[in-house]
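Asks: Using only what follows, build the 3D model:
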Amino acid sequence: MCLLRKDGDFPIRSFVLFEGARFPLGVVSAGLVVLAHLPDREIDEYLSRADLTTDFGDSHSATAVRERIRQTRADGYSTNPGLVVEGSWGMAAAVFDELHRPEWALTLTGIEPRFHPERRRELGALLLRHAHALGKAIRARYATR
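Replies: Got it, this is the predicted structure:
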């Protein structure tokens, strides 16, 4: 579920995600990055019972989602190349709780021309840095309780 949305300065907006929007794991970039950081057993269990193709099409078959999980694990962050709304891309990095489980994600969304390969690497590094800092702050807060 999208908890908070902040718009940037770019004049064209992407409104796929809005506060309160809900998507199953593996569909948008946030759910993909969380899913990718779960243990393989949990991923297998989830994909064995979730039929994402009914609502989101063949690009969300278990095979396709597994390939995106593989790429997400290789990159450290996820990329959704317009699979929910054509031309609207998203990227996400996982935020880990005090038990080091992926519970949240920090995401960026926008139109396809804003996500060329070189910029995706730059944005991915930025997302990872900020997601790590947010997770660290969350864990520090739990440690003081």
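Asks: does Gly90 have beta-bridge partners, and which?
Replies: Following DSSP bridges, Gly90 is listed with bridge partners Asn80, Thr109.
Asks: Was I right to think it contacts Ser29?
Replies: Yes. Contact criterion C-beta atoms under 8 Å: Gly90 and Ser29 qualify, at 3.7 Å. For every residue, glycine as well, the C-beta is placed using N, CA and C.
Asks: quick one: common contacting residues for these two?
Replies: 78-80, 107, 109 (C-beta atoms under 8 Å, 6 or more residues apart in numbering).
Asks: Out of those residues, which is nearest to Arg66?
Replies: Ser78 (13.1 Å; C-beta to C-beta).
Asks: Now for that closest one: which residues touch it?
Replies: By C-beta under 8 Å, 6+ apart, the contact set of Ser78 is 29-30, 32-33, 36, 68, 71-72, 90-93.
Asks: Can you flag which of those residues belong to strands?
Replies: Of the contacts of Ser78, the ones assigned to strands by DSSP state E are 90-93.
Asks: Select from the residues you listed the one having the most neighbours.
Replies: The most crowded member of these is Ala93, carrying 31 neighbours; neighbours defined as other C-beta atoms under 10 Å.
Asks: Distance of that one relative to Tyr77?
Replies: 5 Å (C-beta to C-beta, to the nearest Å).
Asks: so what sits against both of these two?
Replies: What both Ala93 and Tyr77 touch, as defined by C-beta under 8 Å, 6+ apart, is the set 33, 124, 127-128.
Asks: okay, the residues you listed in CSV with distance to Ala137, pLDDT and neighbour count next?
Replies: Listed next are these as CSV, based on distance: C-beta to C-beta, whole Å; pLDDT from 0 to 100; neighbours: other C-beta atoms under 10 Å:
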residue, distance to Ala137, pLDDT, neighbour count
Val33, 19, 97, 34
Gly124, 21, 97, 19
Leu127, 16, 96, 23
Leu128, 15, 97, 16
